[in-house]
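1. have a look at this fold, sequence not included:
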């Protein structure tokens, strides 16, 4: 799910699903039809139900155009907040690095929030011995029915690694973070910060089971809680049903996510599990 809306905080985790390139090109026509249906459904829902976030969602849907294949669509039921969250995400490598984005929407039962992140990893030296190093650029933003979140602009470096067969991938990013409009605990402007992000994607038992996740640690003053440092993680566990004989084209996974946080949802530690389904395009 890659995080939804927890209060007034605008920083989210993300998982950069570093899978092999075959999954990015499979069944393009059929997947585009399905993805366009989902896109139009979200658009209609937002326009009719939540006028306050209509402009934001329209901008997101312009980005997710018909010539882009989304990697997966996730639907989560959050037992802690008793609401549904949908996530559309895409990861695409190219000769100069990779691009990743996701769009989260919360429903209770109507749309009550939207959030997105877009990440560009720059690596023009992929054929060199420094192919494990990339320049990380990122933007985060969103809003809900009560407020819009401060924009977050991040830049730094990323270390990436993988097993020989690419069944296990991981990355660690160290970034400078700018959040215009953020106020410190003493009421002064607190724009400058940092963030450390880790991501993993692991397959087991011949791709029957996948264990994905991410964690973020960053500084962001929250005067209403009296805190400055935040930790959040989202491990996901999936059973991939396309391994069943005769189900090879059924790209459905069932699983769970546990949203772990410290000083994020509220002051102190929280753990909120979900029940989830994922369709991989």
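-> Cool, the structure landed. These numbers come from a predicted model, not from an experiment. Residues are numbered from 1 along each chain as shown.

2. show me the strands in the stretch 151-281 of the chain, by range?
-> If you assign secondary structure with DSSP state E, counting those that start in this stretch, the strands in the stretch 151-281 of the chain sit at 152-162, 168-178, 192-204, 209-222, 227-233, 236-240, 252-262, 269-280.

3. can you list those strands in CSV and add mean neighbour count and mean pLDDT?
-> From N, CA and C alone the C-beta is placed, and that goes for glycine too. Output for the strands of the stretch 151-281 of the chain, formatted as CSV (neighbours: other Cβ atoms under 10 Å; pLDDT from 0 to 100):
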stretch, mean neighbour count, mean pLDDT
strand 152-162, 17, 97
strand 168-178, 18, 97
strand 192-204, 18, 97
strand 209-222, 20, 95
strand 227-233, 18, 96
strand 236-240, 19, 98
strand 252-262, 19, 97
strand 269-280, 17, 97
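
4. so which of these is nearest residue 88?
-> Residue 88 lies closest, by Cβ to Cβ, to one member of these: strand 269-280, at 10.3 Å.

5. now do the closest one against strand 209-222, angle only.
-> For strand 269-280 against strand 209-222, the angle by axes from the mean of the first three to the mean of the last three Cα atoms, to 10 degrees is 130 degrees.

6. show me what strand 269-280 is packed up against.
-> Contacts of strand 269-280 with other secondary structure elements, assessed using 3 or more Cβ pairs under 8 Å, 6 or more residues apart in numbering; DSSP states H and E, are made with strand 72-78, strand 252-262.

7. just to revisit the earlier point, so for residue 71, which of the strands of the stretch 151-281 of the chain sits nearest?
-> Shortest separation from residue 71 across these is recorded for strand 269-280, at 6.6 Å, computed as Cβ to Cβ.

8. the inter-axis angle of that closest one versus strand 72-78?
-> Computed with the same axes, to 10 degrees, the direction of strand 269-280 lies at 140 degrees from that of strand 72-78.

9. ok, residue 180 - contacts?
-> 150, 151, 191 (Cβ atoms under 8 Å, 6 or more residues apart in numbering).

10. and the gap between the last one and residue 103?
-> Residue 191 sits at a distance of 26 Å from residue 103 (criterion: Cβ to Cβ, to the nearest Å).

11. a markdown table please, covering the strands of the stretch 151-281 of the chain and showing distance to residue 94.
-> Below are these laid out as a markdown table (distance: least, Cβ to Cβ, whole Å):
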| stretch | distance to residue 94 |
| --- | --- |
| strand 152-162 | 15 |
| strand 168-178 | 17 |
| strand 192-204 | 19 |
| strand 209-222 | 22 |
| strand 227-233 | 29 |
| strand 236-240 | 26 |
| strand 252-262 | 26 |
| strand 269-280 | 20 |
